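*Asks:* Let's see this in three dimensions:
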Amino acid sequence: MSIIDNPTENIFTEIGINAPRSTDSLPSKELGQSDFLALLTTQLANQDPLSPTDSKEFISQMSQFASVDSLQSLNNKFDDLTTSMTSNQALQASSLVGRHVLIPSAVGHVPDESGLSGQINLPTSTNNLRFEIRDEAGQLVRRIDVGDRQAGDIEFYWDGRNEAGEFLGAGQYEVAAFGSVNGTTEQLPTSIRAQVQSVNVGGAAGGIFLNLTGLGQINFNDVKAVG
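*Replies:* From the prediction side, this is the model:
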């Protein structure tokens, strides 16, 4: 009976693949504590006895190494924390698929036989508040008067119909809110509810992104609310 010294390597060889090298046998490219102490000992053994190195210099070298070692350890801990936070965000984001999120936007997507909802974000008390709906061609299709409102987030809903009560069909529509602030008419910021279609994790830019139905992609961090 023959004895196989390395069965794993033999299996790889039989199928024509080079066996992977063990990482334990690869030389380290980083300077560790033992390497530093070896260098320090060598420096001490080979110094000129008539002109020995100043002890303050040795102390400085050791302090610098200790600082670098501490920083490296801290960086590793931050990397672990970042990975953990990203994984947690990815888990949260995956649960949003099929749900609606509130995002800062003036453009919303109307699916078949449905409407559009969101918020008008008032930084201060506003008079004669109204919002206008425009189609993809920029044509005004509906105007809705809201009246006077105090500062805060004002909910709105558009049923997808024009002034004549006709449903306009699926597509993208722009919401523009206007109001009188201190006697001056201003356009006010809006937020739109959109449905999450899928989630992208990582990518060239890193981070977590939500793919919204009819609107494209948005950063997970830009979501203001869920539901």
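
*Asks:* quick one: the strands in this protein?
*Replies:* 100-104, 107-110, 116-122, 126-134, 140-149, 152-158, 171-181, 184-188, 190-201, 208-212, 216-219, 225-226 (DSSP state E).

*Asks:* For the ones you listed, could you give me JSON lines that also reports distance to Ala164 and mean neighbour count?
*Replies:* C-beta here means a position set from N, CA and C on the backbone, and glycine is covered the same way. What follows is those, written out as JSON lines (distance: least, CB to CB, whole Å; neighbours: other CB atoms under 10 Å):
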{"stretch": "strand 100-104", "distance to Ala164": "28", "mean neighbour count": "19"}
{"stretch": "strand 107-110", "distance to Ala164": "17", "mean neighbour count": "21"}
{"stretch": "strand 116-122", "distance to Ala164": "18", "mean neighbour count": "21"}
{"stretch": "strand 126-134", "distance to Ala164": "14", "mean neighbour count": "19"}
{"stretch": "strand 140-149", "distance to Ala164": "10", "mean neighbour count": "14"}
{"stretch": "strand 152-158", "distance to Ala164": "14", "mean neighbour count": "15"}
{"stretch": "strand 171-181", "distance to Ala164": "16", "mean neighbour count": "19"}
{"stretch": "strand 184-188", "distance to Ala164": "26", "mean neighbour count": "12"}
{"stretch": "strand 190-201", "distance to Ala164": "24", "mean neighbour count": "20"}
{"stretch": "strand 208-212", "distance to Ala164": "30", "mean neighbour count": "20"}
{"stretch": "strand 216-219", "distance to Ala164": "31", "mean neighbour count": "14"}
{"stretch": "strand 225-226", "distance to Ala164": "33", "mean neighbour count": "12"}
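
*Asks:* Low-confidence ranges, this structure, go.
*Replies:* Residue ranges of the chain with pLDDT under 70: 1-41, 43-93, 202-206.

*Asks:* How about Arg143: what's its closest non-neighbour residue?
*Replies:* Among residues not flanking Arg143 along the chain, Glu132 sits closest, at 5.1 Å (CB to CB, 6 or more residues apart in numbering).

*Asks:* Correct me if wrong: the one you found contacts Arg142.
*Replies:* Yes - in this structure Glu132 lies within contact range of Arg142 using CB atoms under 8 Å: 7.2 Å.

*Asks:* could I get the strands of the chain as TSV with distance to Thr42?
*Replies:* Below are the strands of the chain laid out as TSV (distance: least, CB to CB, whole Å):
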stretch	distance to Thr42
strand 100-104	61
strand 107-110	68
strand 116-122	67
strand 126-134	76
strand 140-149	77
strand 152-158	69
strand 171-181	71
strand 184-188	72
strand 190-201	48
strand 208-212	49
strand 216-219	52
strand 225-226	61
